[in-house]
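Trainee: Whatever this is, show me its structure:
(2 chains)
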2 protein chains.
Amino acid sequence: MLEKIDLKQSVSKEEYKTLSKKLRDQIYVLQQQVRKKKLPVIVLFEGWGASGKGDLISNLILNLDPRWCKVHSVTQPTELERRRPVLWRYWNFIPKAGDFSVMDRSWYMDVSTAVLEENINDTERTRRLNSINTLERELTDSGCLIIKFFVHISKKEQKERFEKLAKKRSTQWRVSEQDWKRNRQYDKYREVFDEMIGYTNTTAAPWHLLSGTDHRAAALDIFKAVLSRVTEALNRSPERNASAETGIHPGSYPFLPMPKLAQVPLSHAMEQDEYHLRVEQNQDRLRELHSELYLKKIPVILAFEGWDAAGKGGTIRRVAKALDPRGYQVIPVASPTPDEAARHYLWRFWNNIPRDGHISIFDRSWYGRVLVERVEGFCTENDWRRAYREINEFEHELADWGAVILKFWLQIDKDEQLRRFQARQNNPEKSWKITEEDWRNRGKWDQYETCVNDMLKYTSTQYAPWHIIEAQDKKFGRIQTLQLIVDALRDKCGEKKPRGKKED
Amino acid sequence: MLEKIDLKQSVSKEEYKTLSKKLRDQIYVLQQQVRKKKLPVIVLFEGWGASGKGDLISNLILNLDPRWCKVHSVTQPTELERRRPVLWRYWNFIPKAGDFSVMDRSWYMDVSTAVLEENINDTERTRRLNSINTLERELTDSGCLIIKFFVHISKKEQKERFEKLAKKRSTQWRVSEQDWKRNRQYDKYREVFDEMIGYTNTTAAPWHLLSGTDHRAAALDIFKAVLSRVTEALNRSPERNASAETGIHPGSYPFLPMPKLAQVPLSHAMEQDEYHLRVEQNQDRLRELHSELYLKKIPVILAFEGWDAAGKGGTIRRVAKALDPRGYQVIPVASPTPDEAARHYLWRFWNNIPRDGHISIFDRSWYGRVLVERVEGFCTENDWRRAYREINEFEHELADWGAVILKFWLQIDKDEQLRRFQARQNNPEKSWKITEEDWRNRGKWDQYETCVNDMLKYTSTQYAPWHIIEAQDKKFGRIQTLQLIVDALRDKCGEKKPRGKKED
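Mentor: Numbers count the residues shown, from 1 in each chain, chains lettered A, B, ... in the order given. The predicted structure is shown next:
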């Protein structure tokens, strides 16, 4: 790819002045359209050291109103970032609808730098490249525009620039040993860049390759590319935003066979004495396992879904009781805040991914996309149909990272729900828990049942299985859940050697 | 203080069962009141290693609905946290109105641990203790409830607990070398704890000292304390929330003499040629200084205030143009989002404090409290009167950390504003910039002028001075601003030796 770039083009100062003024004004006006049409825009810059990325970014953002434009510089991940999935930190940079995110380096750093300087192997490299393509596809499918620039200079040019910086006292610190090494190994880097760019030059998010030799020429190229890509995105009809999906396309994962809800038996029950005994046994075991997970740095993600009043809260409390409060977090999921609603729907879940060795318990989850959002029409049909695949990919990313993922559907029947609603309503301390909305949702029981059946069918994988909990009898359901968690964690702990220590 | 604690009290299992059930139910009900009255509650736990803090926290939070309760574990600061003021990371834990924040360790860690293990000197210790008292006073003044627990055990008890943990294979990792050392130096730690507790046992945020010997007794004490403190806070009238201030009380800082706005000359102007020359000169100098600041790890905070249409945006762009986009951020301040409005008004500004070596440019700032909020009645009179002192303390905290703080008021007269409003309205590309609100604000010119004069009088300090910019002539104002920034940064850079390197 890189050989296609003409490194010799240049633009005179006069020419630049006239042309850039016009383009700048156009960008300024265009940003108002971006605001109005609520288009989220990512502009990312990759390229060689000393290729002038910083100045080019500076040049671009001066035309953008800082109220709706953020610059993110990506440096080596911090220790806490390393304790999360590779892509995790980039979700922070996803812009709100109508905003620009300008990124100096990006998720591509975890391919190029990692291949050459951290020696990740070929499998991991391919995995990361695929993850990037998935991420970019999901973002553009959701309506985000991604503009990717690679700023290219020759080996000789780079060397001369380093030498110039190194000569001046005030800039010599900008050239590190690593930089010189990178210049010496220019050809190796070039090969990696070439492969990376080729692999990720997708229709959804194509690369713009620039010559960094002449700053003015590069700046004009950037202005033009931003203008044309943004204009194009603004004129696209929302229907054509997303990959055309005519049906549900959950991806090509092997799915676990799941029963339909109607087939789930609900007749099991448990006596008080047995319940107490088994709660304690399981909690003791879970307590020990939590400590083991922590040492082995295994992350755990538990998602609870179920009918209203099925007992999610009570079940979660029984699980939480066994856990060290320093190592887990319950994440209650309600309707999104304005900040959340203005971003990709997975954004708020990515934000709550635990660090390794910790547990995140989701009280409702990303499955809202194919449940409430589908039923209530909060997203388009295309959106929720696409979501099965996106969710499978999301969970796959987490599983690749090493997470234990367990998903529970708490099942009760319609009569039991009515009994519980009425009991709550008659209890002054609990009546606030029953709202108009709960009754409305109950009226849509059949629609929800269809959605739940689809969800179970298309998103239960080996690496993130669904478990249907017989919650008709609360005690039975709680023990069933605790037991499933204990079993899954024990299996996982068996696989891995400890590598942790106390966080002081 | 610690000697007052009865380490021998204990509660039988039976007694605990009966009592705790009742107290738990009360807490559950009380949380609904906390929601309704929008009370933010901080419950923080300090205490000896192995005193059982974790279990006690677990016990408490199981009674609280996780939708409105977050647990924060404080461990040693990360590298990025060390690059911010000591208190910075705790602002993340400030709860929203109606929520609980439960903290396992807290800002006290930066006194106790730091004194004994990082050898901070007496001056720094006293400074940190004062900062804590200030923080707690500001939070409680704003209506937040702070409940502080210290869990105490004897040296012998601690040793026995460590030994018990160390004996069991599954728990031995929980006892570190540092823990054993702490036990050996128990008396030294005790002295530091005693002093720390005594110094910070304020009316606003008193300590609750607990014996950790018997877990059940401690748990009951915690339930009771939470119930009584929350009930008391709910019954307090909002007027009595804040320290009674009968007038403006800006704190005892030496203030710089400032002219009244009416006395500011606005007749200066600058020719185009001189302007271009001096913009470039200053930008070149600023570019070099930015790189020096970065190396010397000096943080810079610039706040811009001024009349509508005074030219804040244009001035900021001239400053930004000289800066490396990797090292600065423009923070436009508009009306707070719901998340921001539900917290202390300084919360969103703390969140945008740069790391050391970086620059934050605020386009409008925390001074909104004593300008728009005062004029529009968005806060109470007590709130804005208190704010001068709070703001001086806030800036003092930043200056102590080493920040350069510069504040600019862009001054134009009323006629000039009218001319600019009209010019904008007649320009189709800029007409969106003028809203009804701008005209309304203009109608309140005199009220604003009073507020600005008060602000200049009570918040211009040596460590965070106000500069009034003659912005009547845009060019003159921009040069004046650039020049002031360059001078201040040059002075600061002169003081400090470099200690940074490139962030790779």
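Trainee: Could you pull out the strands in chain A for me?
Mentor: With strands called from DSSP state E, chain A shows them at A:41-47, A:69-73, A:100-104, A:145-152, A:207-211, A:300-306, A:328-332, A:359-363, A:404-411, A:466-470.
Trainee: what's in contact with the third one?
Mentor: The set of residues external to strand A:100-104 that reach it, using CB atoms under 8 Å, 6 or more residues apart in numbering or on different chains, is A:31, A:34, A:40-45, A:53-54, A:57, A:60-61, A:64, A:68-74, A:93-95, B:325-326. Yep, even glycine has a C-beta here, placed from its N, CA and C like the rest.
Trainee: residues in contact with the spatially most central residue of chain A?
Mentor: What sits nearest the mean C-alpha location of chain A, by CA atoms, centre = their mean, is A:Trp350, with 4.7 Å. Contact analysis of A:Trp350 by CB under 8 Å, 6+ apart lists A:88, A:91.
Trainee: before we move on, what about the one 3 residues further on?
Mentor: By CB under 8 Å, 6+ apart, the contact list for A:Ile353 reads A:84-85, A:88, A:299, A:301, A:360, A:398.
Trainee: Pick the one among the residues you listed closest to chain B.
Mentor: Set against chain B, the nearest of the contacts of A:Ile353 by CB to the nearest CB is A:Ser360 (11.5 Å).
Trainee: so how many other residues sit close to that closest one?
Mentor: 19 (other CB atoms under 10 Å in any protein chain shown).
Trainee: excluding its backbone neighbours, what's nearest it?
Mentor: Sequence neighbours aside, A:Pro354 is the residue nearest to A:Ser360 in space, at 4.3 Å (criterion: CB to CB, 6 or more residues apart in numbering or on different chains).
Trainee: number of nearby residues for the one you found?
Mentor: For A:Pro354, the count of nearby residues is 20 (other CB under 10 Å).
Trainee: same check, this time on A:His215
Mentor: Residues lying near A:His215 (other CB under 10 Å) number 16.
Trainee: Tell me the confidence at the nearest residue to it once chain neighbours are set aside?
Mentor: With CB to CB, 6+ apart as the criterion, A:His215 has its nearest non-adjacent residue at 5.6 Å, and that residue is A:Gly52. Residue-level confidence at A:Gly52 comes out at 95, pLDDT.
Trainee: How much space separates A:Gly52 from A:Ile27?
Mentor: Distance, A:Gly52 to A:Ile27, using CB to CB, to the nearest Å: 19 Å.
Trainee: List of residues touching stretch A:30-43?
Mentor: A:60, A:63-65, A:68-69, A:93-103, A:139, A:143-147, A:149, A:226-227, A:230-231, A:233-234, A:342-343, B:432.
Trainee: could you redo the last one with a cut-off of 7 Å?
Mentor: A:64-65, A:68, A:95-103, A:143-147, A:226-227, A:230-231, A:233-234, B:432 (CB atoms under 7 Å, 6 or more residues apart in numbering or on different chains).
Trainee: Next: stretch A:179-189.
Mentor: With CB under 7 Å, 6+ apart, stretch A:179-189 has contacts from A:49, A:116, A:155, A:158-159, A:162.
Trainee: Closest one of those to chain B?
Mentor: Using CB to the nearest CB, the contacts of stretch A:179-189 come closest to chain B at A:Gly49, 10.0 Å.
Trainee: ok, the residue nearest to that closest one when sequence neighbours are not counted - how many residues close by?
Mentor: Excluding the flanking residues, the one nearest A:Gly49 by CB to CB, 6+ apart is A:Asp179, at 5.2 Å. Look at A:Asp179: counted by other CB under 10 Å, it has 20 neighbours.
Trainee: how much space is there between A:Asp179 and A:Gly251?
Mentor: A:Asp179 is 41 Å from A:Gly251, by CB to CB.
Trainee: which stretches of the stretch 151-300 of chain A have low pLDDT?
Mentor: Applying pLDDT under 70 to the stretch 151-300 of chain A flags residues A:237-246.
Trainee: Kindly recompute the last result at 50.
Mentor: Counting by pLDDT under 50, the stretch 151-300 of chain A contains no low-confidence segment.
Trainee: buried subset of the contacts of stretch A:179-189?
Mentor: Burial by neighbour count, 16 or more other CB atoms under 10 Å in any protein chain shown: within the contacts of stretch A:179-189 this picks out A:49, A:116, A:158-159, A:162.
Trainee: For the stretch 301-450 of chain A, what lies in contact range of chain B?
Mentor: Residues of the stretch 301-450 of chain A found near chain B (CB under 7 Å from any CB of the partner chain) are A:317, A:320-321, A:324-326, A:329-330, A:332, A:337-339, A:363, A:429, A:432.
Trainee: Show the backbone phi and psi for A:Lys297.
Mentor: Note on A:Lys297: backbone dihedrals following degrees, to the nearest 10 are phi 60, psi 40.
Trainee: just checking, it touches A:His358?
Mentor: No: shown here, A:Lys297 and A:His358 do not form a contact pair, counting by CB atoms under 7 Å, at 9.2 Å.
Trainee: Which one of the two is surrounded by more residues?
Mentor: A:His358 (23 against 17).
Trainee: Grab the nearest non-local neighbour of that one.
Mentor: A:His358 sits nearest to A:Gly327 (CB to CB, 6+ apart), 5.1 Å away.
Trainee: For that neighbour, which residues are in contact?
Mentor: Counted by CB under 7 Å, 6+ apart, A:Gly327 has contacts A:290, A:294, A:357-359.
Trainee: Go through those residues and name the one nearest chain B.
Mentor: Of all these, chain B sits closest to A:Tyr294, with 8.9 Å by CB to the nearest CB.
Trainee: pretty sure that closest one contacts A:Ile359?
Mentor: No: A:Tyr294 is beyond contact range of A:Ile359, at 9.2 Å (criterion: CB under 7 Å).
Trainee: And the residue nearest to A:Gly49, how far from A:Asp221?
Mentor: 25 Å.
Trainee: one step back: look at A:Gly52 and A:Ile27 and report which has more neighbours.
Mentor: The residue with more neighbours, out of A:Gly52 and A:Ile27, is A:Gly52; 22 against 19, by other CB under 10 Å.
Trainee: Just the helices from the stretch 301-450 of chain A, written as ranges.
Mentor: Taking DSSP state H, counting those that start in this stretch as the criterion, the stretch 301-450 of chain A carries its helices at A:312-320, A:338-341, A:347-350, A:372-376, A:381-401, A:414-425, A:436-443, A:445-459.
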